[in-house]
Each structure stands twice: as structure tokens, then as C-alpha cells.
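Visitor: prediction below, plus the sequence it came from.
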Amino acid sequence: MAAPSEPSDNELIKSCLSGSQAHARRLYDRYKNYVARVIRNMENDPEAVQDLLQQTFIKAFSGLKSFKGDSGFKTWITTIAVNTAKNYRNKKTRRGRHPKVSIDHTGEENGAALELKDESANPQKQLLTKEMGTVIGAALDMLSEEHREVISLWNEGFSYDEIGAMTKTLPQTVGSRLHYARAQLQKILTPYIKGNKE
Amino acid sequence: MKQLALLLFVMTAFPLLINTCPAIADSMVMVDVEVINALQNSSEIDPELSGLARELGPVLNYKGFKLLKKSRLPLKIGGRKELLLSRERRLTLTLEGFESGQARINLKIFKNHTEIFATTLLMADNGSAIIGGPELKKGVMLLRVRGKFDG
Amino acid sequence: MTSICEDIAYKLSAYLDNELGEAEKNRVEAHLENCPSCRGSFRELKKSSDLVSARLSVQPSVDFDKAWQHIEPEIRRRPAIRRYLRAFIVKPGFWIPASAAATVGAAALFFALCLPVYKSQRPVSLSHVESVSSKSGSVMVLHTAKTSQPIIWIMEKSPKEKRP
């Protein structure tokens, strides 16, 4: 007999609702890396990521009954993750604990300059040195919440329409936010990129 | 201590010895099969399914329960009965025998002549089981199978 | 920079994401072909965008098992997943060995059926699933809380999943 295929998200959700802890774990394993990434891309504090991941999954599993299935589980849990991270950031900002990382402290003296010679020969991840990662992380941290949100969701492959639906904005607004977010990031990053002239 | 153990043994074993469970002597089971459409987007419950809805409410994510069909099938040992569930699905029931006061009933669901599901239930007198999951209309199909022993 | 260049510069981000309509996309491409300045801007935009994307795609280090240790008890306590339900999954074509359940069931049946004193106190409705199998999907067996009535849930594969 052929090996059984992986159950779909909806099948796992159905059995989670019927009490299957094993299938809850399976759903968690399916999305944990993705959710961790979305959260980290919203909130740079590594200590907060694990806590926010826990909060996201607890909210998702507790609210499974309200999951309508119209938009897919991935979209649904993304919305929860983004809102959980936003709430955390808002609280942190209100408490005045928002870390302002200065780009100046992570500049070229740390070897942050990066040579981009032949993009086609280098997978994306190889382009990123540790130092450059720090610079970009700091640059992302300087973005407004809306800009950070769209750039994080865009990176996960969502279309403007999908991001609009998740953030309750028009696709045109998503496009506009992405344009300004990129412009700001580009402004910060260009001095660190060598060999970018034609 | 020994007396207490003996007393406990007598208390439990004696009724077992003298009270032959009625089902053991039975040779026939009257099986009621209810074909139910469980719906998520409706909260309408057929009055005769209100008990079922209350019991399943906390377990399954369905609010509407509609009785589509109810059939009574007398089953003799070794006997097999068939019931059409939907256009493409049918259920067969076979009473395999009795065991420790329970009827051993084998159920199979076929979809377009292919067996898709099989189960063997050990059913007590007046006991029931629910089989659900196959998609039906805008919800799922639930089968409530109840067995009554008939001497 | 001309006003056309300004207009194109605003569209480069959406062009990069392939989010422009066909006509606008052609317009941007035609302009990029003829304008070295905008071509340079687009290259810079793409480079910084690739770097940001690479940074965003790095997997953060999270102790997922530890996180689950916090999640699991919480979801057990919440109503969506009922603590009192016992559920176990059967892969297609496999039979559940019901020895443990049968032992408990036999004891329960003994009290329910054979001892008059207990019989009068609870409804005789205990049934047990001895075996279960499905050739077309997974099967789950669980029990209702109140009467412990078995529920067998067939999770059929969707037609899409059946395709090789």
C-alpha cells in the first residue's frame, strides 16, 4: 500500500479541534520556523522572539474554532504573529524601552563593507556577512511599524493583495509603503555596498 | 486483611457468577443507523438530534445537525445488511457474534464499490457509536449506529 | 532627473515585485532601456532589496521544543482542544491493537452490565472500537466526555492529494 500523504492544514485543524495534541504538534512543527521568522522580522530582540512565538501559537490554537478557513491557515497565523509582535512593540515603545540602534556604531570599522560582484553566482544568503546582517537588522529596526510589517510580509512571498488583506489596507498602500521602506533602507545601506556602480 | 480480600472477591465475583449477562444469550441485534448531515454554517438542529448535538458540541466543530435518513436493520449472527448512505457511498453491517455481553459488529463503508473504511465495534446493549468525516453537501456525514439486543 | 524619471522611480519597487500591470511594466522597461540614471537606481534598489531579503530569510535561533513545552499545557487548558478527549491517529491500512482499551473496557462493562448495583446507576451504553482501518485516508478515534461514546473520524484525502 502506498504511504499516506501528509494531512492538509485543514485536516490537522479539524483533528486539533477534536482534541488531538499530536496533530497540534504537527501543525506547530509545520509553521514554527516560518512564524519565528515573521516575528523576528517584526521584532529584532532575540529574547522576545521565543516568547512572542509561544503567544502566537497559544492564541492560534485557542482560537482555532474561529478560523473560517477562507484565507488559509498560513495567512491566519501570520496575522496573529504580526499583531502579537506589533502589540509587543507598542507596549515597549510606551515604556520607552525601544532600542535605538545607531548605524554609526556598526559601520565600516567593523568590516561591514560588502562586495557584490556577481549576484547570479552567489545565493542570497552568501551575500550576507554577519556584520552586514547587523547593519541591516539595525536599519530594519529604524523603519516605522507599517513599513517593517509590509517588508516582512513581502519577504515571505505574499502579494500586495494578500498583504493588504492581512494589514487591512489597500494593495496600493502596500505598494507605496514598500516603496518608501525600500527607499529608506537603500539610503542607509548604499554606503555599505561597494561595487554598486555601473 | 485476608478476610477483607475474600469479601471483596466474593462481592465482585458472586454477581458475575449468578448474573449471566442477558446479552450473552442473545442471537440478534437490532441496529438503528441514522445518517446525519453535520454543518458548520448552520445552527439548525433536528429535534430528535438535540441530545446528540449537546454531546458532540464540545467535541466537534459543528453546530447544525440534520437527520437525512433513519433505518432499522435486524442483524443475525453471520448476517449482513446494506444501506445506501449517499449517491456514491454505502454501508454494510455484519454481526460477527457476541463476546462478553457485547455484540461484535463489523462495519464497512464503500465509495463507488471501493472499500474506504472498516471498523469492528464491540457494542453493548443499547450502545452506540458515531462515525463521521466524509464530506457531504456543505458539511460532513455523521452516522450514529445504535444496537439493541433482541432475544 | 526629469519628471518622467521621478514617476518611474516611484514605480521601480512595484516593478521589482512584478506587481505592475502589463502596460505600466512595458513603460518602465522602455524607460530603463533608455535612461542610464534610472537603470542605476534600479540596480541599487535591487541590490539593497536582495540584502534585506537575505537578512529577513535567515532563520532565527529559537528553542522550539522549549517553546512547545509552554504552548502545550496552555492549549490543553483552553476550550478549543479538550483535555478530556483521548484521540489517537491510525494510518491507513493499520489496525488499532485495542488490548489496553479492551482491558479497561472489560472492567467497565463488567460493572455496567453484570453488577446490578452499578447497572442502575449509569446508562448501559458503553461500546468500544476494537479495530479500525481506512484505505483512503487517516482515521481518528475519540470519545465524548459525557458517555464516552466512541467517535470514529474518517479524514478522507481530497481529490487533489490523491494525485501522484
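Guide: Structure received.
Visitor: in chain B, what helix or strand scores lowest on average pLDDT?
Guide: helix B:2-18 (a mean of 49; mean pLDDT, DSSP states H and E).
Visitor: chain A too?
Guide: Least-confident helix or strand in chain A using mean pLDDT, DSSP H and E: strand A:114-115, a mean of 38.
Visitor: also chain C?
Guide: helix C:116-119 (a mean of 32).
Visitor: from residue C:58, how far off is the closest residue to chain C within chain A?
Guide: Nearest residue of chain A to chain C: residue A:19, at 3.0 Å (Cβ to the nearest Cβ). Placement of C-beta: from N, CA and C, glycine included. Going from residue A:19 to residue C:58 by Cβ to Cβ, to the nearest Å gives 36 Å.
Visitor: the two: who's more crowded?
Guide: Applying other Cβ atoms under 10 Å in any protein chain shown to residue A:19 and residue C:58 shows that residue A:19 carries more neighbours, namely 25 against 16.
Visitor: name the SS class of that one, please.
Guide: coil (DSSP: H, G, I helix; E, B strand; the rest coil).
Visitor: that one and residue B:61, how far apart?
Guide: On the measure of Cβ to Cβ, residue A:19 and residue B:61 end up 11 Å apart.
Visitor: please apply the same query to residue B:142.
Guide: 13 Å.
Visitor: quick one: which of these two has more around it?
Guide: Remark: of residue B:142 and residue B:61, residue B:142 carries more neighbours, 27 against 17, as counted by other Cβ under 10 Å.
Visitor: where does chain A have low pLDDT?
Guide: Along chain A, the model assigns pLDDT under 70 to residues A:1-5, A:93-130, A:194-198.
Visitor: give me that answer again for 80
Guide: A:1-6, A:18-21, A:44, A:65-71, A:90-134, A:190-198 (pLDDT under 80).
Visitor: now do the strands in it.
Guide: According to DSSP state E, chain A carries its strands in the segments A:114-115, A:193-194.
Visitor: now do chain B
Guide: Listed in chain order, the strands of chain B (DSSP E) span B:28-39, B:64-76, B:80-84, B:89-99, B:102-111, B:114-123, B:127-136, B:139-150.
Visitor: now the shortest one: buried residues?
Guide: Buried residues in strand B:80-84, counting neighbours by 16 or more other Cβ atoms under 10 Å in any protein chain shown, are found at B:81, B:83.
Visitor: within range of chain A, give me the residues from chain B.
Guide: Neighbours of chain A within chain B, by Cβ under 8 Å from any Cβ of the partner chain: B:59, B:60, B:61.
Visitor: ok, the last one - contacts?
Guide: It stands for residue B:61. Contact partners of residue B:61, counting by Cβ atoms under 8 Å, 6 or more residues apart in numbering or on different chains, are A:14, A:17, A:65, B:40.
Visitor: select only the buried ones of those in ChimeraX?
Guide: Restricted to buried positions by 16+ other Cβ under 10 Å, the ChimeraX selection for the contacts of residue B:61 reads:
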select /A:14,17 /B:40
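Visitor: state the pair within the contacts of residue B:61 that is farthest apart.
Guide: Spatially, the most separated pair among these is A:14 and A:65, at 11.3 Å (Cβ to Cβ).
Visitor: can you give me the helices in chain C?
Guide: C:3-16, C:22-34, C:36-57, C:64-77, C:99-109, C:116-119, C:159-162 (DSSP state H).
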